[in-house]
Structure formats: structure tokens, C-alpha cells
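A.B. asks: below is the sequence, then the predicted model.
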Amino acid sequence: MEPREFFESLESRVDPSKAAGMNASYKFVIDGAGTWNVDVDDGKVAVTENGGEADTTISASAETFTKIANGEQNPTAAYMSGKLKVSGDLGQAMKLQKLF
């Protein structure tokens with residue numbers, strides 16, 4: 001799944017029960033693909049392209065992000081190797097793994 005396809009279908013793929021109680025905003029900066037904001041509000045997920053500021057910013061190349069989205073790359077391993085960068089609330093970034 002390519003980054004654009006991932007974000008365009010994200011709202012319909014998230015299990016609301018897994019996002020219940022979560023309130024956070026994420027900015028994904030995907031080199032070569034675009035920028036998307038994902039806002040999680042107690043079970044509801046909203047995605048906007050080229051959104052504003054967020055609690056947590058996650059940056060990666062399109063290649064790395066695609067591998068993570070397809071389950072071919074562990075996000076923690078990508079972070080530890082520098083292929084995935086996180087700024088802001090790292091704890092909120094860790095919670096993303098349970099949503100997708």
C-alpha cells in the first residue's frame with residue numbers, strides 16, 4: 001500500500017474500539033509522497049492532507065513508510081536505525097502501533 005492510499009483509506013480502516021480514549025494529533029511527513037495529519041479523538045479518526053501543527057511529527061521516506069504500512073518493516077526498528085524520525089510526543093507515537 002502506497003502512502004497516499006494508506007492515508008486516504010485510514011479513516012475507514014481504524015477500529016474505533018482501539019482508538020477509544022485516545023486524543024492526539026499526528027503529522028506524517030513522507031518524503032516523496034506528501035504530508036498528512038491524523039487526528040484521533042476518542043475513537044474517531046480524521047485525516048487531512050497538508051494539515052497544520054500536531055502533537056507528534058513522524059517523518060520517513062516513502063519507501064520506509066510503505067514497508068511499515070505493508071508490515072515488511074518494524075516501526076521500532078525503523079526508528080532505532082534512523083529511517084523513521086519522531087519529534088514531539090514519543091509516547092503518543094508508540095500508541096499508533098495498536099491502531100493500524
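C.D. replies: Yep, it's here.
A.B. asks: what ranges do the helices span in this structure?
C.D. replies: Taking DSSP state H to define them, one finds helices in the chain at 3-13, 16-19, 62-69, 75-80, 90-99.
A.B. asks: residue 28 is in contact with residue 39, isn't it?
C.D. replies: No. At 11.8 Å, residue 28 does not count as touching residue 39 under the criterion of CB atoms under 8 Å. For the C-beta atoms, the positions are set from N, CA and C on the backbone; glycine is no exception.
A.B. asks: between the two, who's got more neighbours?
C.D. replies: Higher neighbour count among residue 28 and residue 39: residue 28, with 23 against 17, using other CB atoms under 10 Å.
A.B. asks: which residues touch the nearest residue to residue 70 once chain neighbours are set aside?
C.D. replies: Nearest residue to residue 70, sequence neighbours excluded (CB to CB, 6 or more residues apart in numbering): residue 1, at 5.9 Å. By CB atoms under 8 Å, 6 or more residues apart in numbering, the residues touching residue 1 are 9, 66, 69, 70.
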